[in-house]
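**Q** okay, here's the prediction I keep looking at, along with the sequence it came from:
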Amino acid sequence: DAGVTQSPTHLIKTRGQHVTLRCSPISGHKSVSWYQQVLGQGPQFIFQYYEKEERGRGNFPDRFSARQFPNYSSELNVNALLLGDSALYLCASSLSTSGKVEQFFGPGTRLTVL
Amino acid sequence: AQRVTQPEKLLSVFKGAPVELKCNYSYSGSPELFWYVQYSRQRLQLLLRHISRESIKGFTADLNKGETSFHLKKPFAQEEDSAMYYCALSGQAAGNKLTFGGGTRVLVKP
């Protein structure tokens, strides 16, 4: 298993555009979480999905949305991009939503908004 | 509200010297505490968690509920320990969102 995979690796957009980021979890993992990591800061929780249902949402505007597909892969969508959305977006998968369970992170998608 | 604080942005030590990374947290309840590490050009990965009570790569961390701390320690730092370290917290209940600290960069000099 290649671990959690994310695409694309890098992305450059301009203000006002829309972006879709994709994540494939480790085989057998049903939970996917998204984090935003701004340069110089720790990752910040955006969403968690489990069995295609949203199980948690961080303090992000409605411009951010996500969904999980029947094969447990996930997409993160960001509308009306702002300069401040430039960040590394991390996806993590886990077996369940228990707080005791390890989350496995993907390599991230580097988004630059010009 | 969950909060994790790592007061040091950068720790620079010589090889063979002890290293301690500080982590303080606030959480109303019994938290799960983790240390994640990111080596250069690699993805974020779990180093250790308090429930395991184990030593990984020579690192240990003790949960001190009285001081709400979860400091990471290693008695003899190695050059391969140079990396970015993040302390993280989650609740025991369902919903394992992680709250991360700002991170500490460790540089081990030869």
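**A** Arrived safely. Numbering: from 1, shown residues only, chains lettered A, B, ... in the order given.
**Q** beta partners for whichever residue of chain B sits closest to chain A?
**A** Chain A sits closest to B:Phe100 of chain B, with a gap of 3.4 Å, by Cβ to the nearest Cβ. Where C-beta positions appear, they are placed from N, C-alpha and C, glycine not excepted. Counting by DSSP bridges, B:Phe100 forms beta bridges with B:Ala88.
**Q** give me the number of residues near it?
**A** Neighbourhood size, B:Phe100 [other Cβ atoms under 10 Å in any protein chain shown]: 21.
**Q** so what's the residue of chain A found nearest chain B up against?
**A** Going by Cβ to the nearest Cβ, chain B is nearest to A:Gly42 of chain A, at 3.4 Å. Going by Cβ atoms under 8 Å, 6 or more residues apart in numbering or on different chains, A:Gly42 touches B:4, B:6, B:86, B:88, B:100-103.
**Q** now do the SS call for it.
**A** When classified by DSSP: H, G, I helix; E, B strand; the rest coil, A:Gly42 comes out as coil.
**Q** and the nearest residue to it once chain neighbours are set aside, how far from A:Gln17?
**A** Spatially, and ignoring its direct neighbours in sequence, A:Gly42 is nearest to B:Phe100 (3.4 Å; Cβ to Cβ, 6 or more residues apart in numbering or on different chains). Using Cβ to Cβ, to the nearest Å, we find B:Phe100 at a distance of 28 Å from A:Gln17.
**Q** repeat for A:Gly40
**A** In terms of Cβ to Cβ, A:Gly40 sits 25 Å off from A:Gln17.
**Q** ditto for B:His50
**A** Applying Cβ to Cβ, the value for B:His50 to A:Gln17 is 42 Å.
**Q** what about B:Gly66, which SS state?
**A** Relying on three-state DSSP, one would call B:Gly66 coil.
**Q** swap in B:Glu80?
**A** For B:Glu80, the secondary structure call by three-state DSSP comes out as helix.
**Q** so is the helix or strand of chain B with the lowest mean pLDDT next to chain A?
**A** Here the helix or strand of chain B ranked lowest by mean pLDDT, DSSP states H and E is strand B:60-64, holding a mean of 91. No: for strand B:60-64, no contact with chain A is found by Cβ under 8 Å from any Cβ of the partner chain; the gap never falls below 13.6 Å.
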